[in-house]
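*Asks:* for reference, the sequence and a predicted model appear below.
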Amino acid sequence: MTQQSAFEYLTHGQIPFFRLPGAPTAVGVPHGTGAVLLGVPYDGGTTYRPGARLAPFEVRRVSALLQGYHPSHRVSVFDRLCPVDGGNVAFPPFDAAAVRDRVEGAVSAVLSAGAVPFVVGGDHSVALPALRAVARRHGPVAVVHVDAHFDTSGPETWGEQFHHGTPLRHVLEEGLVARGQLHQVGMRGPWAGARDAELGAGHGARVHTMEDVGQRGIAAVAAEIRHAVGDRPAYLSFDVDAVDPAFAPGTGTPVPGGLTSREALQLVRDLAGVALVGMDVVEVCPPFDHADITSHLAAHILFEGLALAALAIPGRTYGETVTESP
């Protein structure tokens, strides 16, 4: 059993994700580990409300409430996957290039150990170095990008190439995404201009706006994405501002009219069968949260992602009941 009991967790007083064992990547990833959760306490790439640097601590804290068995997938996620908390990525907070370098290095170390990296931001700029490491390992991948925004901005507004509104521009321009394999869900709200969607469209991106979700339903959207991704390696980048601020107020750039919590969780759950090779959950901003509801949602989204990774372990059949050893 890889998840600590509640008594053990309370006794030592530490706060790892999901009451998991701690294994800092600087020391090395233990043999047999299937996934590593990495905190990235950085929000130097925000353009509106900072505070996402506090998210790894808060999401760790509330994740202690989650149990390990997934009733829909019928799998004991932590027993099957043997994940660990890899600690936080350490970096000088005023050097954005160093942040990217350290995040890329930490994710590369996880991948080299044969585990799936789960990055907990921090702002969305941390997705770029994570995807650089993933693409170096797996080649261009399918990317499922859940967000209120395209994140394909350039330096024209802020005079900066790298911020939380630019990661998908760099990911596309650097060839980290397989052609036609960018799947964007949750986009809504006013654009800066008529050409905002052109970069993604030029790479064959499929955009599922909130109008699409409302008309077709989240199950149909998830099924289309799952079918399109097929057996390609897939990376899931989940910005919590994809969720309506009524359900996730603790985020730096809220946009009304988004996913419900139920739709967000179902979207990830219904991707069962994809070959998940990495994931991030970003833009949780605890100073603007209420009663931890955004942090709780982020923890549950992470759990759904861990379940996808557990289902993808070779020899596992989707829907199969697993009897775990005591």
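*Replies:* Arrived safely.
*Asks:* what are the phi and psi values for the residue nearest to residue 264 when sequence neighbours are not counted?
*Replies:* Leaving aside its sequence neighbours, residue 264 sits nearest to residue 243 (C-beta to C-beta, 6 or more residues apart in numbering; 5.2 Å). For glycine as for every other residue, the C-beta is placed from the backbone atoms N, C-alpha and C. When read as degrees, to the nearest 10, the backbone of residue 243 gives phi -90, psi 140.
*Asks:* how about residue 243, what does it touch?
*Replies:* 186, 251, 258-261, 264, 297 (C-beta atoms under 8 Å, 6 or more residues apart in numbering).
*Asks:* switch the cut-off to 10 Å
*Replies:* Going by C-beta atoms under 10 Å, 6 or more residues apart in numbering, residue 243 touches 146, 148, 186, 249, 251, 254-255, 258-261, 263-265, 294, 297-298, 301.
*Asks:* gap between it and residue 274?
*Replies:* Using C-beta to C-beta, to the nearest Å, we find residue 243 at a distance of 21 Å from residue 274.
*Asks:* any idea which helix or strand carries residue 160?
*Replies:* Residue 160 is part of no helix or strand, with elements assigned from DSSP states H and E.
*Asks:* how about it: what's its closest non-neighbour residue?
*Replies:* residue 166 (8.0 Å).
*Asks:* pretty sure that neighbour contacts residue 124?
*Replies:* Yes: using C-beta atoms under 10 Å, residue 166 makes contact with residue 124 at a distance of 8.8 Å.
*Asks:* between those two, which contacts overlap?
*Replies:* Shared contacts of residue 166 and residue 124, defined by C-beta under 10 Å, 6+ apart, are found at 45, 151.
*Asks:* and these two? Which one has more around it.
*Replies:* residue 124 (31 against 23; other C-beta atoms under 10 Å).
*Asks:* okay, and the beta partners of the nearest residue to residue 201 once chain neighbours are set aside?
*Replies:* Nearest residue to residue 201 in three dimensions, chain neighbours excluded: residue 207, at 8.0 Å (C-beta to C-beta, 6+ apart). Beta-bridge partners recorded for residue 207 (DSSP bridges): residue 184.
*Asks:* okay, helices next: where are they in the stretch 1-150 of the chain?
*Replies:* Remark: helices assigned in the stretch 1-150 of the chain by DSSP state H, counting those that start in this stretch are 6-12, 55-63, 77-81, 96-112, 127-138.
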